[in-house]
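Colleague: need a 3D model of the following:
(one chain, ligands or ions: 1)
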Amino acid sequence: SAESGNDPVVVIGLGRFGSSLAVELMRRGTEVLAIDHRPKVVQSLAGELTHVVAADATDMEALRQLGVAEFGRAVVAIGSDLEASILATSLLVELEVADIWAKAVSRQHGRILERIGAKHIVLPEHDMGERVAHLVSGRMLDYM
Ligand code: ATP
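Modeller: As a prediction, this is how the structure comes out:
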């Protein structure tokens, strides 16, 4: 909503999806805490993101130390590692982060994430396919 549009956001997992998301949020003036467990990924994004740290998002103690509980919004952008995606999401729920967005690689994965408390599920390939269908059929105005 418009009221929460500028609240800080935690972004977990900085693959293609998570890194684009984090950079775009920052570009729009939103404060971002970006987390990935691969030090190389963190290093390569250090120039673009103000707060980017190497940490395991399935480690509750690490999340607490980073102050994740203070955030009202988070995006779990881990896809292919289902265990990590599910565990990280459940830890955010436990930390009472109110608005949790999670990327899923399948509808089943999305259903699990919803059941443990994610508020919004993103299925990048599905969602983008729908959008491109609108663009191809000329209904550009929906997405401008
Ligand atoms: P994309 O399509 O966005 O590139 P993907 O689904 O192919 O993503 P994944 O390997 O599932 O990529 O995860 C995306 C990112 O999440 C990776 O950079 C990976 O290092 C990170 N990641 C995976 N597990 C954890 C974890 N436990 N803690 C922190 N980051 C993690």
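Colleague: show the contacting residues for S80.
Modeller: V105 (Cβ atoms under 8 Å, 6 or more residues apart in numbering). All C-beta atoms are positioned from the backbone trio N, CA, C, and that covers glycine.
Colleague: separation between it and P124?
Modeller: Plainly put, S80 is 12 Å away from P124 if you go by Cβ to Cβ, to the nearest Å.
Colleague: for A118, same thing?
Modeller: Distance from A118 to P124, by Cβ to Cβ: 15 Å.
Colleague: out of these two, which sits in the busier spot?
Modeller: Here A118 and P124 are compared on neighbour count by other Cβ atoms under 10 Å; more neighbours surround A118, at 26 against 14.
Colleague: spell out the secondary structure type for the nearest residue to that one once chain neighbours are set aside.
Modeller: Spatially, and ignoring its direct neighbours in sequence, A118 is nearest to A102 (4.1 Å; Cβ to Cβ, 6 or more residues apart in numbering). Three-state assignment for A102 (DSSP: H, G, I helix; E, B strand; the rest coil): strand.
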